[in-house]
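Enquirer: what follows is a predicted structure for the sequence shown.
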Amino acid sequence: MEFFRNTNIDFLGKKWYFLTFSLIFSVAGLISMAVRHHNTGDWVPLGVDFRGGTLVYVKFTETPNNTAIRAALDKAGLHNAVIQGLEKGSNEVVIKLDLKETSEADLSKGKNQIINALETNPVPGKQNINNSDRIGFAAVRDALLASDPLHAEPAEYDRLARRIMDFRDKEHGGVIKSMDDLKGVVPDAVLNALKQSFYTSDFGVRSADIVGPQVGGQLKKQATLAVGFSLLAMLVYLWFRFELIYGVAAVVAVFHDTLITVGAFSLTNQEITLTVIAAILTLVGYSMNDTIVVFDRIRENVKLMRRESLAEIVNKSINQTLSRTILTSGLTFLTVLSLYLFGGEVLHGFSFALVVGIIIGTYSSIAVAAPMLVAYTEWRSKKSGRGAIPLPAPGAKGKVRVKV
Amino acid sequence: MQKNLLLKTGIIVAILLIFVYGMLGPKLFSGEGLKAALLDRIHLGLDLKGGTHLILQVMVNDAVGAQSDHATELLKDELQKAKIAYADIGKLDNQPEKVVVKGIPVDAVSTLRGIVRDRLPEYDVTAGTDNSWVLTMKPQVLADLKDRTLEQSIEAIRTRVDSLGVSEPLIQKNGLGDNQILVQLPGVDDPGRVKDIIQSTARLELREALDHGQTYPTEQAALQAHQGILPANTVVMPSKPRRGEQEGGFVIVSRVPVVSGTDIRSADPGNKSDTNEPIVNFYLTAAAGKKFGVFTAAHSKDSADPSNLAIVLDNRVITAPSINGQINDSGIIEGGFTEESAKDLAMLLRSGALPASLHYLTERTVGPSLGADSIKAGVKAAIAGMTAVLIFMLIYYRGAGVNADLALILNLVILLGFMGFFGAVLTLPGIAGVILTVGMGVDSNVLIFERIREELRNGKAAAAAVDQGFDRAWTTILDTHVTTIVSALILFFVGTGPVSGFGLTLIFGLLANLFTAVFVSRVIFDAVLSRKGRGEALSI
């Protein structure tokens, strides 16, 4: 089976289309970022990792009523809280608090305020079994040991407590609707004993992220450094393996990809988190990979085709590698798409960055890096009046050839 | 050729066996099933397993202040011995490494210098404003003290976490900022309680309580009782609410403790003999016991200067009873404990006080339920993506597709084996790293196969085409892998947590891929070719 054979598309002839396309997307992203910067002071929507703040994932037993949640939070004085529903049918919401409501002196204050506000019917003298912050295996086992409903060995209560926690966490997503749901899961005597110590609320906290301002700032700096260093390292490596202009062209292409991807986050108002930074760095590597494949072919063809102009060589090289480019991108896109579709809420931003990044990364190797190489060479030969092509001297510059 | 091929096959099988062992470990032979063996070797990160990730700031200035308080006391003693009058001696509040001596006679300065030189060599003396003298801790001493405080805090947290039975905790310095500690507690299902226990300084101090331990409702009330000016060397401290009360009051206590946290030798929970109320017994070291004996004898009910004793935990007065008589090396703390809280406090006192207080900077808790859902989603995505790729390769490259699929599967085994050997932690972004590795693996195969097809189209014989295809593609594969590994290395070293884990997975995966896509796939081609006749076509 073969999709592409001996294609002969004049990619370089379409460079003005490419330029227009790239400009539209880059500028759209930039404008959106500038508007955001003007309004909020941040260039991109930053996640709680970088911005600091409080993020609490809450799962309810029924479809959550946002108006009621809003009212409860208002009553607790959390007027600026943002409530965001997750996937339909999951009964989950994310409640976000700004950095202003998150102080390093008492980091969990906002989270505790949220939990207290949602807790509409606390039972005095009993503990909420859905309070995953405090009620775990140890608390349930201790309660059972203290009441000793079965007059059994401690090991038996260990087993029962483990069973109850599995019931809550693994089978029911962290929330038990009513203590009576445990009927049949544990013996009736145990259930009655549990009812003396515990009650159920209609929600449970699935996860909480609280980041103080100090760490957020430090992480922002670290992430910027990581991206900067990785671009620099790649530039140096390509300089060493090819020519400086190849490195520059590749880095410009990768920068273009990063800009458009980050712009896509700004346009769709999705938050950039630590994992998204990991995805952006992945896309940097991926796009670079794609560009190198084309450059490698150019380097090889420059040796073989002494008569042709660089533009012809580049066109031919892109066409020769086109089959591989489309196949690899398509397959990688497939794996990333499965991540986007099945990877769940936590990986959503990450896989979104990769889905966008792979399309743009593939496009940029053909439409940005290669034309830039040609444009530079033509400009230089015009300047010096010679038709010389900057040959990456084969065999020189530490070229490694290993037989396998 | 045949012998060479056998040798190479042997190498591949050996490597496969090594990494299968790395992936599954000794449990492979215990018969507990594949999943149990795999989970025993591949440690899941917090995001998959559930647990808590904390970053704490150690307030190292607490320890510096304590040191300066000690210097202040010593200086007062020495100056009294030398019969030198002084107006005031105390540390600066915003610069705890400095102690200011005010109002000493000009001719006593050389004596002061002498005392500092002999007894407080860790301080330098300089002249301050208004005829005062400033003792400043030497920079090296200060830096050492801060480092030591951080180390001791890490040790204390480790002891506490261990006593709670948390498995595989990670407790280390956090590279991101100064004096920060990173604590990761996978699988903890009651993070709130653990957090409280970690943060509790558990600094038990015994101080003198003024006004017979009188509790004032507000700070102002305490001040007013002394006409707005506190007696020298005293401070107002909040007290713990009594049973049944919502808010505690305020007690005036001596600025410097008689006995401090490091003087506690041991502690255990107990019950009061008459009321059976839970209490905590504590025992002092010999030296502290002696000091405490002198203090209690001097301030007991029947003495000339009766006073109360404030039992202070983490800068809150728990009780302030009167002193019945001389107490030497043990005492009890009572004040509304439950059995559990008495047990926890005794454990904290035993494990040693934190040398400084802690603030939480970051808290991420992944509940066990979310972790379970995430791993389901991540694994589902990985399997779906992988299966689609494997099937596509088989359809598109037919015979050679088998090569690619074998190489990909072996790549995955080596990657997981690596992780097993190195004890690396698999996080959710780590699973993404695995998927990306699969993508890069596919790329290498596609590059090689497309090259071989090209050579075949140019009329080369099968063997020559394979040879040329691998040879040409190798340069490209090397370049792409080196660039990606370079960026993955930067992720690993510059990044933290999930980003770092992602980088590590990618590095392992790419190294494995260089071996499988190039070496293993080649050996399979050679094996196929060696069976074929001269003119037979290659299935690619």
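Expert: Right, received. Where do you want to start?
Enquirer: any idea how far chain A is from residue B:204?
Expert: Per CB to the nearest CB, to the nearest Å, residue B:204 is found 23 Å from chain A. For every residue, glycine as well, the C-beta is placed using N, CA and C.
Enquirer: and that residue, how far is that from residue A:213?
Expert: To residue A:213, residue B:204 is 32 Å away according to CB to CB, to the nearest Å.
Enquirer: do the same with residue A:122
Expert: 32 Å.
Enquirer: likewise for residue A:251?
Expert: For residue A:251, the distance to residue A:213 - CB to CB - is 33 Å.
Enquirer: for the residue of the stretch 151-300 of chain B found nearest chain A, what are phi and psi?
Expert: Nearest residue of the stretch 151-300 of chain B to chain A (CB to the nearest CB) works out as residue B:189 at 3.0 Å. Phi and psi for residue B:189, reported as degrees, to the nearest 10, are phi -110, psi 10.
Enquirer: my guess is it contacts residue A:165. True?
Expert: Yes - counting by CB atoms under 8 Å, residue B:189 touches residue A:165, with 6.4 Å between them.
Enquirer: show me the chain divided up by domain.
Expert: I went with chain A, as the question did not name one. Segmentation of chain A into domains, based on automatic domain parsing, reads A:12-44+A:213-384, A:53-210.
Enquirer: wait, I meant chain B there
Expert: B:2-50+B:367-531, B:64-141, B:200-364.
Enquirer: winner for burial among the ones you listed?
Expert: Across those, the average number of neighbours (mean count of other CB atoms under 10 Å in any protein chain shown) peaks for domain B:2-50+B:367-531, which reaches a mean of 20.
Enquirer: on that earlier part again, joint contacts of residue B:189 and residue A:165?
Expert: A:136, A:137, B:368 (CB atoms under 8 Å, 6 or more residues apart in numbering or on different chains).
Enquirer: pull the contacting residues for the last one.
Expert: With contacts defined as CB under 8 Å, 6+ apart, residue B:368 is in contact with A:132, A:165, A:169, A:170, A:174, B:49, B:50, B:187, B:189.
Enquirer: for stretch A:341-353, give me every contacting residue.
Expert: So stretch A:341-353 is in contact with A:47, A:86-87, A:261, A:264-265, A:268, A:270-273, A:275-276, A:278-280, A:283, A:336-337, A:339-340, B:47, B:370, B:373-374, B:376-378, B:380-381, B:384, B:428-429, B:432, going by CB under 8 Å, 6+ apart.
Enquirer: scratch that, stretch B:229-248
Expert: With CB under 8 Å, 6+ apart, stretch B:229-248 has contacts from B:88, B:210, B:215-216, B:219, B:222-223, B:249-256, B:310, B:312-313, B:315-318, B:320, B:335-336.
Enquirer: in helices, which of those fall?
Expert: If you go by DSSP state H, these have B:219, B:222, B:223 in helices.
Enquirer: quick check: closest non-adjacent residue to the last one.
Expert: If the residues on either side of it in the chain are set aside, residue B:223 comes closest to residue B:230, at 6.7 Å by CB to CB, 6 or more residues apart in numbering or on different chains.
Enquirer: now swap in the second one and tell me
Expert: Spatially, and ignoring its direct neighbours in sequence, residue B:222 is nearest to residue B:216 (4.0 Å; CB to CB, 6+ apart).
Enquirer: which residues does the one you found bridge with?
Expert: residue B:250 (DSSP bridges).
Enquirer: surely it touches residue B:226?
Expert: No - at 10.4 Å, residue B:216 does not count as touching residue B:226 under the criterion of CB under 8 Å.
Enquirer: list the contacts of residue 58.
Expert: I went with chain A, as the question did not name one. A:64, A:92, A:93, A:94, A:95, A:114, A:118, A:203, A:204, A:205, A:206.
Enquirer: chain B was what I was after
Expert: Contacts of residue B:58 (CB under 8 Å, 6+ apart): B:149, B:150, B:153, B:179, B:180, B:181, B:356, B:358.
Enquirer: so where's chain A uncertain?
Expert: For chain A, the stretches with pLDDT under 70 are A:385-404.
Enquirer: break down the stretch 301-404 of chain A into its helices, ranges please.
Expert: A:310-342, A:348-364, A:370-384 (DSSP state H, counting those that start in this stretch).
Enquirer: do chain A as well
Expert: Going by DSSP H, chain A shows helices at A:15-40, A:48-51, A:66-75, A:109-118, A:137-147, A:154-166, A:188-197, A:213-241, A:244-267, A:274-304, A:310-342, A:348-364, A:370-384.
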